[in-house]
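In: Based on what follows, work out the 3D shape:
(2 chains)
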Amino acid sequence: DTGVSQNPRHKITKRGQNVTFRCDPISEHNRLYWYRQTLGQGPEFLTYFQNEAQLEKSRLLSDRFSAERPKGSFSTLEIQRTEQGDSAMYLCASSLEGQGSGNTIYFGEGSWLTVV
Amino acid sequence: SQQGEEDPQALSIQEGENATMNCSYKTSINNLQWYRQNSGRGLVHLILIRSNEREKHSGRLRVTLDTSKKSSSLLITASRAADTASYFCGSGNTGKLIFGQGTTLQVKP
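Out: Prediction:
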């Protein structure tokens, strides 16, 4: 169990460019989540996957955002045509879910995005 | 939009004192999870409490849950300077967690 891994940890990009973040969940965790957090705020839910299926997307996830988890393992979050308002920390999390009332959700260290 | 609210937003105490922070949520939940976040870092899981539980302990941490009031509290006893961080509660229903704005705790040595 090496924890949730996110790359890159920091990304500075020019407005209008595309960026992609990668998340490697804890091995065998079937659920994977993406959150966004701005300074002084709590994490805001973006989307989550159960295996390779994207089960829920927040209204915060505009058309410029797309997330994939093609083989049910790692996931990518792509932001197209970045805007300054996209500057935030993007957090990935994972959990092992079966039947029942939910299990511990583990977070990674986050990927910081600065759009200049 | 955030589902929950933490109270107080900021708390400053002396080392050795107890710290209590509260969390309220809006809809029914299956579980509630507390996390700590140091500046610029990810969230570190502290405790998960399920909707059919009323209290859980882990070391110096005590969490209570009152589903009738849709609220939870986190008590840190005998605080240390290393406890300085932001604390968030995430309320879970359909699988994801919804967070409030957190409580920033400063423990002065």
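
In: any bit of stretch A:55-74 sitting next to chain B?
Out: Yes. Using Cβ under 8 Å from any Cβ of the partner chain, stretch A:55-74 reaches chain B at A:55, A:56. No exception for glycine: its C-beta is placed from N, CA and C like everyone else's.

In: Now do that stretch: distance to the chain's middle.
Out: Relative to its chain's centre, stretch A:55-74 lies at 8 Å (Cα atoms, centre = their mean, to the nearest Å).

In: Flag every buried residue along that stretch.
Out: A:58, A:61, A:65, A:66, A:67, A:69, A:73, A:74 (16 or more other Cβ atoms under 10 Å in any protein chain shown).

In: What is the lowest-pLDDT residue among these?
Out: Across those, the smallest pLDDT goes to residue A:61, namely 84.

In: wait, what's in contact with that one?
Out: A:46, A:47, A:67 (Cβ atoms under 8 Å, 6 or more residues apart in numbering or on different chains).

In: From chain A, how far out is residue B:97?
Out: 6 Å (Cβ to the nearest Cβ, to the nearest Å).

In: Grab the nearest non-local neighbour of that residue.
Out: Excluding its sequence neighbours, the residue lying closest to residue B:97 (Cβ to Cβ, 6 or more residues apart in numbering or on different chains) is residue B:90, at 3.1 Å.
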